[in-house]
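Student: give me the fold of what follows.
(2 chains, ligands or ions: 2)
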Amino acid sequence: MSTLTIERLTVGYGDGAPVLDGLDLTVPDGDVVALLGANGAGKTTLLRALLGLTSARGGRVLLDGADLTGLPTEDRVRRGLALVPEGRGVVAELTVAENLRLGALWRYAGRKHARAERDAAVGQMYELFEPLARRRDAPGHTLSGGERQMLALARALVTRPRVLLLDEPSLGLAPLVVAQLLGVLRDQARSTGLTVLLAEQNVTGALSVADRGVVLSLGEVVADRPAADLAADPALRHAYLGF
Amino acid sequence: MERLVFLLSTGLARGAVLALFALSLVIVYRAARVVNFAQAALAIVPVYVAVAVTSATGSYWLGLACALITGALLGAVVERGLMRRVPQDNPLAGIIVAIGLVMVLQAGLAIAFGPDHRPVHAPFSQRPLGVGGVPLMSPYDLFVLLVAAVVMGALAWLFGRTSLGLRMRAAAFAPETSRLLGVRVPRMVTLGWTLSIATAALAALLLVPTGLGLDPHAADVLFVNAFAAAVIGGLDSPAGALAAGLLVGVLASLVTGYASAAAAPPAVLGLLTVVLLVRPHGLFAAREARTA
Ligand SMILES: Nc1ncnc2c1ncn2[C@@H]1O[C@H](COP(=O)(O)OP(=O)(O)OP(=O)(O)O)[C@@H](O)[C@H]1O
Ligand SMILES: [Mg+2]
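Tutor: Ligands and ions are numbered 1, 2, ... in the order given. Sure, this is the predicted structure:
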């Protein structure tokens, strides 16, 4: 559906050395790109900077050619970027249903059948994530880690984003749940043409659903290969991922 | 017995005003995570406007409407123009700015209108009505209770049933996640201040005819008691503010009636101390969120 272009992006904290220094990366329309790299490589920093949660010192972020630089987070979201942040981004004090409704509010506001469209979109999420349907009136803080991650993903998908960014969705989850989440991701990408940038430590899982793998090290892209090559070639894997 | 019934019912009416003011503190606390020490000064400015409009036009209702509008505007202006620019990393900065604002507003009012009490008349009689010979409450007390109930019902509906309320609650609980959900968080904060100061202005307007009259400090004691009530209720909880406001109102009325007016503030303080000893987060504090 959409192409995300990152041009010479420089991001740092305080007055320290930049964490990302002139990073260039293109996530093409409909691709699933795995963003890999050691702890502290700058994956979270990149995703937060794309949403404007961490401010960039320089460079540009383009969504289908439109410059997002300087826009506040909520406007980037409204332009079609969605982030599932590290550590399960749901509003813990609200119920499952309220979280989903909140995510969908701006998306369908001002339409003729806003409420019906919103309810339909939320209903689709309940079909996709059956455990959420059972717990729709439960407050977010009572959900298990896996349910929370499902909710975070569902509230991102409910807005029908153009580009979906995910920060370590598999962190702390059982293998079965991880497989299920990644499966949903791959199916959504195939069926809707959603563009995905997936930051993961779970290299095998991420590469199994990705088209391309991008390895970040010390704030730079050190490898950008088809996912299958990275997964299959032990030499490449060893050189860039250390195993 | 007669005395007890009378004290209870007037206490309820005073408590309703307290609850309303406490609610205004809770609203701004939830929206912006600040305890607004300027609430009394901000609430009394709209009352001056109301009194001026009422004496110019003869209409209490027009004055009331102007107080609400002035309160709402004042809340928005103070948040946009002042509070938003205060560094957020340390709550002290906001408190100092609020205290500065109190000084400016109260001194400004005293310069413009003089420091004296101006008598303010209630729109209804303040003479207690009797039921079967037992004095209960005055028509004005009834009016106060009714207004407070309507406003609280409206606020409960806004926060609990509307999508605007949903966005405001989310923005208060989790600003960053809310932005990721597309909520315009800064706008929700402004709206919180708007609602809060309008509610506080209404409470102050309801209070003034029952006291000595209008002066720049007329809402100060209300603020102190309402702050105590808000903390007793949990600072984060509208239901807590309501319950604790009524409780404090009734307590102060009983102590005033059976002991003396001078004993009421220590009694409120005692209640506050006991509640905080037993439940440090207040009576209605939200259960601790699961963190893992
Ligand atoms: N808020 C912050 N203040 C200062 N430095 C930070 C902050 N957040 C991250 N950093 C630094 O930026 C660098 C990149 O961190 P980042 O969180 O982006 O890495 P990551 O690739 O997401 O790592 P992980 O795989 O462990 O999540 C690290 O050196 C980290 O110490
Ligand atoms: Mg990270």
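
Student: in the stretch 1-150 of chain B, what residue lies closest to chain A?
Tutor: Going by C-beta to the nearest C-beta, chain A is nearest to B:Arg30 of the stretch 1-150 of chain B, at 10.5 Å. For every residue, glycine as well, the C-beta is placed using N, CA and C.

Student: that residue reaches B:Leu191, doesn't it?
Tutor: No. Using C-beta atoms under 8 Å as the test, B:Arg30 is too far from B:Leu191 to be in contact (11.6 Å).

Student: would you map the helices across chain A?
Tutor: Assigned by DSSP state H, chain A shows helices spanning A:43-51, A:73-79, A:96-108, A:114-128, A:130-134, A:145-157, A:175-192, A:203-209, A:227-232, A:234-241.

Student: how about those helices, which one is nearest B:Val45?
Tutor: Closest to B:Val45 of these, according to C-beta to C-beta: helix A:73-79, at 32.2 Å.

Student: return the alpha-carbon coordinates of stretch A:121-140 using PDB.
Tutor: Coordinates of each C-alpha in stretch A:121-140 appear next as PDB, following Å, rounded to 0.1, in the frame of the first residue of the first chain:
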ATOM      1  CA  ALA A 121     -13.600  -2.900  12.200                       C
ATOM      2  CA  VAL A 122     -13.500  -3.800  15.900                       C
ATOM      3  CA  GLY A 123     -15.600  -6.900  15.300                       C
ATOM      4  CA  GLN A 124     -13.000  -8.000  12.700                       C
ATOM      5  CA  MET A 125     -10.300  -7.700  15.400                       C
ATOM      6  CA  TYR A 126     -12.300 -10.000  17.700                       C
ATOM      7  CA  GLU A 127     -12.500 -12.600  14.900                       C
ATOM      8  CA  LEU A 128      -8.700 -12.300  14.400                       C
ATOM      9  CA  PHE A 129      -7.900 -12.500  18.100                       C
ATOM     10  CA  GLU A 130     -10.400 -14.800  19.700                       C
ATOM     11  CA  PRO A 131      -9.000 -14.400  23.300                       C
ATOM     12  CA  LEU A 132      -9.700 -10.700  23.100                       C
ATOM     13  CA  ALA A 133     -13.400 -11.300  22.200                       C
ATOM     14  CA  ARG A 134     -13.700 -13.400  25.400                       C
ATOM     15  CA  ARG A 135     -12.200 -10.700  27.500                       C
ATOM     16  CA  ARG A 136     -13.600  -7.600  25.900                       C
ATOM     17  CA  ASP A 137     -14.800  -6.000  29.200                       C
ATOM     18  CA  ALA A 138     -11.600  -6.800  31.100                       C
ATOM     19  CA  PRO A 139      -9.400  -3.900  32.100                       C
ATOM     20  CA  GLY A 140      -6.000  -3.900  30.200                       C
END
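
Student: ok, now how distant is the residue of the stretch 1-150 of chain B closest to chain A from B:Ala172?
Tutor: Applying C-beta to C-beta, to the nearest Å, the value for B:Arg30 to B:Ala172 is 4 Å.

Student: okay, and the common contacts of those two?
Tutor: Common neighbours of B:Arg30 and B:Ala172, using C-beta atoms under 8 Å, 6 or more residues apart in numbering or on different chains, are B:Gly192.

Student: who has more neighbours out of the two?
Tutor: Each of B:Arg30 and B:Ala172 has its neighbours counted (other C-beta atoms under 10 Å in any protein chain shown); B:Ala172 has more, 23 against 20.

Student: touching, the more buried one and B:Ile27? I think so.
Tutor: No. Using C-beta under 8 Å, B:Ala172 is not in contact with B:Ile27; the gap is 9.2 Å.

Student: what is in contact with these two at once?
Tutor: Listed contacts common to B:Ala172 and B:Ile27 are B:Gly192; contacts here mean C-beta under 8 Å, 6+ apart.

Student: give me the nearest residue to B:Ser9, chain neighbours excluded.
Tutor: For B:Ser9, ignoring the flanking residues on the chain, the nearest one in space by C-beta to C-beta, 6 or more residues apart in numbering or on different chains is B:Met137 at 4.4 Å.

Student: neighbours of that neighbour, just the number please.
Tutor: Counted with other C-beta under 10 Å, B:Met137 comes out at 22.

Student: phi, psi for it please.
Tutor: Torsion angles at B:Met137 (phi, psi; degrees, to the nearest 10) stand at phi -140, psi 160.

Student: give the contact list for it.
Tutor: Counting by C-beta under 8 Å, 6+ apart, B:Met137 has contacts B:Phe6, B:Ser9, B:Thr10, B:Leu12, B:Ala13, B:Pro128, B:Leu129, B:Leu145.

Student: quick one: contacts for A:Arg155?
Tutor: A:Val90, A:Asn99, A:Leu100, A:Leu102, A:Gly103, A:Met125, B:Leu181.

Student: just those residues that are near ligand 1?
Tutor: Filtering the contacts of A:Arg155 for proximity to ligand 1 by C-beta under 6 Å from any ligand atom leaves nothing.

Student: domains in chain A, by residue range?
Tutor: Using automatic domain parsing, the domain parsing of chain A gives A:4-80+A:161-241, A:94-159.

Student: the first one and chain B in contact?
Tutor: Yes. Applying C-beta under 8 Å from any C-beta of the partner chain, one finds domain A:4-80+A:161-241 touching chain B at A:Leu51, A:Leu53, A:Pro72, A:Thr73, A:Glu74, A:Val77, A:Arg78.

Student: just these now: which is nearest ligand 1?
Tutor: Ranked by distance to ligand 1 (C-beta to the nearest ligand atom), the residues of domain A:4-80+A:161-241 next to chain B are led by A:Leu53 at 10.5 Å.

Student: the closest one contacts A:Thr73, doesn't it?
Tutor: Yes. Counting by C-beta under 8 Å, A:Thr73 is a contact partner of A:Leu53 at 5.7 Å.

Student: the two: who's more crowded?
Tutor: A direct count of neighbours by other C-beta under 10 Å for A:Leu53 and A:Thr73 places A:Thr73 higher, at 21 against 18.

Student: nearest to B:Met152, out of the domains of chain A?
Tutor: B:Met152 lies closest to domain A:94-159 among these, at 21.7 Å (C-beta to C-beta).
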